[in-house]
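A.B. asks: quick one, structure for this:
(one chain, ligands or ions: 2)
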Amino acid sequence: MAIDFGKRMGLGGLRLPVLDPHNPMSIDMETLKKIVDVYMANGFKYFDTAYIYHGELSEGAIGEAVVDRYPRDSFFLSTKMPIKQMRSGDEMESIFAEQLKKCHVDHFDFYLIHCVSKDTYARCEEWGTFEFLKQKRAAGKFREFGVSFHDSPEFLDKVLTEHPEIDFVMLQINYIDWVNPAIRAKESYEVAMKHGKPVVVMEACKGGTLAEIPEEAKKIMREFNPEASIASWAYRFVGSLPGVRVVLSGMPKMEFLEDNISVFEDFKPLSQEEYKVIDQVVEIINANTPIPCTVCRYCETACPKKIAIPDYFALYNDMKRLEKSSTPNDVLTQAMFYGALIEQGHGPASACVGCKKCEKVCPQSLPITDYLRDMVVEEIEKYDPMAKIEAMKHAGS
Ligand code: SF4
Ligand code: SF4
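C.D. replies: Ligands and ions are numbered 1, 2, ... in the order given. Below you'll find the model as predicted:
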């Protein structure tokens, strides 16, 4: 029987509300429950989480905020197997059981292999992960299984050809990555369509960065439609694609949810004129965003030196934007924010020891260590006299 997804916005468990923005484990359960209540009351029902989100606490939070408070048949629950973080295939059974327990369910609705790339795919083949999941699906432990995918369109084609039993794919699609040569979202989407696989979209707003675009770009959007939020353009772009089953959105604040409800309540695909507006905006953003980080924070959790990588990258991107349109003082303000992060206990960029643990987990395959060295140390840290002292302390820690 075909699954009725209803309104096509899913609540993403990667960006739940937190009490401390630098501690992903400080989930604000009270706010999360309020957000879940408004989300459900408006007829939405898709919750996506994963073993590793929020320092492995996201699944439990969804269990408490959703599963414990709503009838099991009133929502869909989706989670993912952390192949990248596992040491052997023997862990598949125990992790799957742990996930059911954390989520307070006896079955999921959708289950994915997390972060499929060449490296994780090789592990899946060696460990028999696809066979394991086929058996779980046959045993009624979930209805469909998918892959959340982070590699080239050619590799997606190979995976879907070799494993036609995959029911759906989760892809990073947004208007800035659509033809971005590093992500190639359009081509991956076309591969999924060629194989007849429905798509769940992640990073539609690119970690919120498509809500915070350069003023010049915002002006173009506002002139075209003063009522529409900047983020709504990003969600309408992916929602307009045929074959998109659900668009995920991290909604750590009620205002994000309310804005998304207004987009998906009575969804209107983009018009040809609106696509032209987006084309102009893409040009402006590309000219202003040197580091395409989506602020997923996987790297931050992996870093032994507690380097606030995504925050430093955001400061750098802002600094470059300000350099074009503002005064030297505004640029120095970025260095002050940098110093404040270090005072809060984060390692400065120069404390990096080059272990590359961050790069191994970055879904965007960013050369993080190069960026830290050439951009953050060279262009921000030089303004912060305390950073060198802190770097020496971190070197000894
Ligand atoms: S390479 Fe540097 S930034 Fe990356 S995890 Fe290691 S110490 Fe942290
Ligand atoms: S650098 Fe990569 S892993 Fe780190 S927050 Fe940005 S996109 Fe995520």
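A.B. asks: dump the strand or helix carrying T161 to PDB, restricted to CA.
C.D. replies: Here T161 is covered by helix 153-162, with elements defined by DSSP states H and E. Output of helix 153-162 as PDB, limited to C-alpha atoms (Å, rounded to 0.1, in the frame of the first residue of the first chain):
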ATOM      1  CA  PRO A 153      26.400  10.900  -8.900                       C
ATOM      2  CA  GLU A 154      28.400   8.100 -10.600                       C
ATOM      3  CA  PHE A 155      28.900   6.300  -7.400                       C
ATOM      4  CA  LEU A 156      25.200   6.700  -6.500                       C
ATOM      5  CA  ASP A 157      24.400   5.100  -9.900                       C
ATOM      6  CA  LYS A 158      26.700   2.200  -9.000                       C
ATOM      7  CA  VAL A 159      25.100   1.700  -5.500                       C
ATOM      8  CA  LEU A 160      21.600   1.800  -6.800                       C
ATOM      9  CA  THR A 161      22.500  -0.600  -9.700                       C
ATOM     10  CA  GLU A 162      24.100  -3.000  -7.300                       C
END
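A.B. asks: what helices and strands are in contact with that helix?
C.D. replies: The criterion is 3 or more Cβ pairs under 8 Å, 6 or more residues apart in numbering; DSSP states H and E, and the helices and strands that helix 153-162 contacts are helix 118-127, strand 144-149, helix 185-194. Any C-beta I mention is one placed from the backbone N, CA and C, and that applies to glycine too.
A.B. asks: winner for burial among these?
C.D. replies: The highest average neighbour count among the helices and strands packed on helix 153-162, using mean count of other Cβ atoms under 10 Å, belongs to strand 144-149 at a mean of 24.
A.B. asks: neighbouring strands - and their directions - for it?
C.D. replies: Paired strands of strand 144-149, with direction, are strand 110-116 (parallel), strand 168-172 (parallel) (DSSP bridges).
A.B. asks: next one: the last one to chain centre, how far?
C.D. replies: Looking back up the chat, that one is strand 168-172. Taking Cα atoms, centre = their mean, to the nearest Å, one finds the center of strand 168-172 at 12 Å from the center of the full chain.
A.B. asks: what sits up against it?
C.D. replies: Residues outside strand 168-172 that contact it (Cβ atoms under 8 Å, 6 or more residues apart in numbering) are 110, 112, 144, 146-150, 156, 160, 183, 185, 188-189, 192, 197-203, 245, 248, 294, 363.
A.B. asks: give me the domain ranges for the chain.
C.D. replies: Using automatic domain parsing, the domain parsing of the chain gives 9-288, 298-396.
A.B. asks: in JSON lines, list those domains along with mean pLDDT.
C.D. replies: As requested, the domains of the chain are exported to JSON lines (pLDDT from 0 to 100):
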{"stretch": "domain 9-288", "mean pLDDT": "95"}
{"stretch": "domain 298-396", "mean pLDDT": "80"}
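A.B. asks: would TSV of those domains with distance to ligand 2 be doable?
C.D. replies: Below are those laid out as TSV (distance: least, Cβ to the nearest ligand atom, whole Å):
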stretch	distance to ligand 2
domain 9-288	7
domain 298-396	3
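A.B. asks: which bits of this structure sit near ligand 1?
C.D. replies: Applying Cβ under 6 Å from any ligand atom, we find that the chain lies next to ligand 1 at 302-305, 307, 309, 352-358, 368-369, 372.
A.B. asks: ok, back up a step: of all the helices and strands packed on helix 153-162, which one comes closest to Y51?
C.D. replies: The closest of the helices and strands packed on helix 153-162 to Y51 is strand 144-149. By Cβ to Cβ, the value is 11.8 Å.
A.B. asks: hmm, back to that, just the residues contacting the helix holding T161, thanks.
C.D. replies: The contact list for helix 153-162, computed with Cβ under 8 Å, 6+ apart, reads 116-118, 121, 147, 149, 166, 169, 184, 187-188, 190-192, 194-195, 197.
A.B. asks: could the helices and strands packed on helix 153-162 go into CSV alongside distance to A335?
C.D. replies: Supplementary listing: the helices and strands packed on helix 153-162 in CSV, determined by distance: least, Cβ to Cβ, whole Å:
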stretch, distance to A335
helix 118-127, 37
strand 144-149, 36
helix 185-194, 34
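A.B. asks: what residues are up against Y371?
C.D. replies: Y371 sits next to I291, F313, Y316 when contact means Cβ under 8 Å, 6+ apart.
A.B. asks: ok, 10 Å please
C.D. replies: The contact partners of Y371, by Cβ atoms under 10 Å, 6 or more residues apart in numbering, come to P290, I291, C293, I309, Y312, F313, Y316, A349, V377.
A.B. asks: contacts only, for the closest residue in space to the third one that isn't next to it in sequence.
C.D. replies: Once flanking residues are discounted, C293 sits nearest to F313: 4.3 Å by Cβ to Cβ, 6 or more residues apart in numbering. F313 makes contacts with 289-295, 299, 349, 366, 368, 371-372, 375-376, as judged by Cβ under 10 Å, 6+ apart.
A.B. asks: C124: what's it in contact with?
C.D. replies: Counting by Cβ under 10 Å, 6+ apart, C124 has contacts 81, 83, 89, 92, 113, 116, 130-133, 147, 159, 163.
A.B. asks: name the element E93 belongs to?
C.D. replies: Using DSSP H and E, E93 sits in helix 91-103.
A.B. asks: quick check: the residue lying closest to E144 once chain neighbours are set aside vs ligand 1, distance?
C.D. replies: Excluding the flanking residues, the one nearest E144 by Cβ to Cβ, 6+ apart is D167, at 3.7 Å. In this structure, D167 and ligand 1 are 35 Å apart, going by Cβ to the nearest ligand atom, to the nearest Å.
A.B. asks: what's the local residue count around D167?
C.D. replies: Using other Cβ atoms under 10 Å, D167 has 17 other residues around it.
A.B. asks: so it sits against F110, correct?
C.D. replies: Yes: using Cβ atoms under 10 Å, D167 makes contact with F110 at a distance of 8.1 Å.
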